[in-house]
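Enquirer: Structural data only, the sequence is not supplied:
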């Protein structure tokens with residue numbers, strides 16, 4: 001049973017709990033003005049912002065690392081992760097950050113009504129608990145939550161952040177770069193203090209340190225006396241970056257991601273009753289994006305392009321029910337499924353990313 005808001009009362013004048021519940025459900029659906037107002041703010045984060053994506057942050061980091069490798073200079077990177085970032089945002093801090101960002105007071109009031117008297121239960125195999133209040137954190141799955149989190153992070157980092165690419169932030173994933181280990185350690189401590197004094201918490205176990213063109217005895221980074229884990233590779237926003245500049249591991253992971261996507265829809269792709277054209281469309285929609293994710297930021301060698309091509313043709317042959325023993329040319333396989341060459345698609349994505 002759903003309660004439909006009739007529009008006879010102002011959403012800013014919610015008094016009853018039932019009407020407030022309607023506000024939680026229908027403000028994101030019918031009242032898009034707060035979303036537009038929030039997106040007009042100038043945020044320094046790459047996450048959930050118009051014309052920004054994970055690819056921009058990945059590309060900027062790879063270019064920075066490549067320049068320092070070419071110049072044979074050290075680059076120190078710390079990948080900061082926040083513990084339960086969405087669940088730790090203090091409500092009073094949220095109201096303060098919204099007002100400081102210039103959000104109109106009437107929209108602050110709407111958001112406050114959406115979070116007022118919020119309750120939840122824990123459900124498990126033996127039943128569920130009694131209702132209890134939720135007085136901290138953002139609603140998971142709410143359309144406004146990513147923008148509210150962007151406002152909070154924008155304000156919390158105002159005193160310590162630097163320009164990209166020395167600092168890049170996507171939601172709760174932060175990368176801090178510097179030319180010296182001492183400087184990146186100092187910047188990490190400043191970020192920790194700025195975030196933790198306002199209710200957030202830096203994850204000690206997931207925060208990692210990587211050095212490009214490392215010299216002997218360069219040491220490691222410490223956070224409040226605790227040594228930060230040092231790695232030679234890091235999965236940043238779903239794309240693996242390596243300190244030596246290679247991308248072989250990323251290519252292998254893209255191939256594995258493609259096979260995982262293919263297995264999920266293998267019931268459709270291997271069904272003989274479905275036409276090759278439909279199979280090709282499903283493949284281009286589900287499998288190929290998983291294989292291509294982040295590759296527009298990488299310079300692939302011929303061998304790595306061939307590795308991707310071989311994996312894709314195996315998937316297409318399995319989908320069409322043919323093997324290499326049938327001696328059917330690759331061009332015919334691609335033409336039947338209406339799937340173009342993967343190498344050409346990668347080069348096309350590279351051009352778009354550079355432009």
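Expert: Nice, I can see it. Keep in mind the model is a prediction, meaning the values are calculated, not measured.
Enquirer: contacting residues for the residue nearest to residue 133 when sequence neighbours are not counted?
Expert: With sequence-adjacent residues excluded and distances taken as C-beta to C-beta, 6 or more residues apart in numbering, residue 133 is closest to residue 119, at 5.8 Å. All C-beta spots, glycine's among them, are computed from the backbone N, C-alpha and C. Neighbouring residues of residue 119 by C-beta atoms under 8 Å, 6 or more residues apart in numbering: 131, 132, 133, 134.
Enquirer: gap between residue 119 and residue 88?
Expert: As judged by C-beta to C-beta, to the nearest Å, residue 119 and residue 88 stand 19 Å apart.
Enquirer: Give me the domain ranges for the protein.
Expert: In terms of domains, the chain is parsed into 11-120+132-241, 248-354 (source: automatic domain parsing).
Enquirer: how about JSON lines for those, with distance to residue 126 added?
Expert: Below are the domains of the chain laid out as JSON lines (distance: least, C-beta to C-beta, whole Å):
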{"stretch": "domain 11-120+132-241", "distance to residue 126": "17"}
{"stretch": "domain 248-354", "distance to residue 126": "32"}
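Enquirer: Could you dump those into JSON lines and include mean pLDDT?
Expert: Shown next, in JSON lines, are the domains of the chain (pLDDT from 0 to 100):
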{"stretch": "domain 11-120+132-241", "mean pLDDT": "81"}
{"stretch": "domain 248-354", "mean pLDDT": "89"}
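Enquirer: Confirm that residue 106 sits in a helix.
Expert: Yes. Assessed with DSSP: H, G, I helix; E, B strand; the rest coil, residue 106 lies in a helix.
Enquirer: Let me know the helix or strand that residue 335 is in.
Expert: Secondary structure from DSSP states H and E places residue 335 in helix 330-337.
Enquirer: Please work out which residues outside that helix touch it.
Expert: Counting by C-beta under 8 Å, 6+ apart, 276-277, 279-280, 283, 313, 316-317, 319-320, 322, 340-341 sit against helix 330-337.
Enquirer: List just the nearest of these to residue 266.
Expert: residue 319 (8.2 Å; C-beta to C-beta).
Enquirer: So the closest residue to residue 174 other than its chain neighbours, which state does it fall into?
Expert: In space, and not counting its chain neighbours, residue 174 is closest to residue 80: 4.1 Å by C-beta to C-beta, 6+ apart. Residue 80 falls in the strand class when you classify it by three-state DSSP.
Enquirer: measure residue 80 to residue 296 for me?
Expert: Following C-beta to C-beta, the distance that separates residue 80 from residue 296 is 25 Å.
Enquirer: And these two? Which one has more around it.
Expert: Remark: of residue 80 and residue 296, residue 80 carries more neighbours, 23 against 19, as counted by other C-beta atoms under 10 Å.
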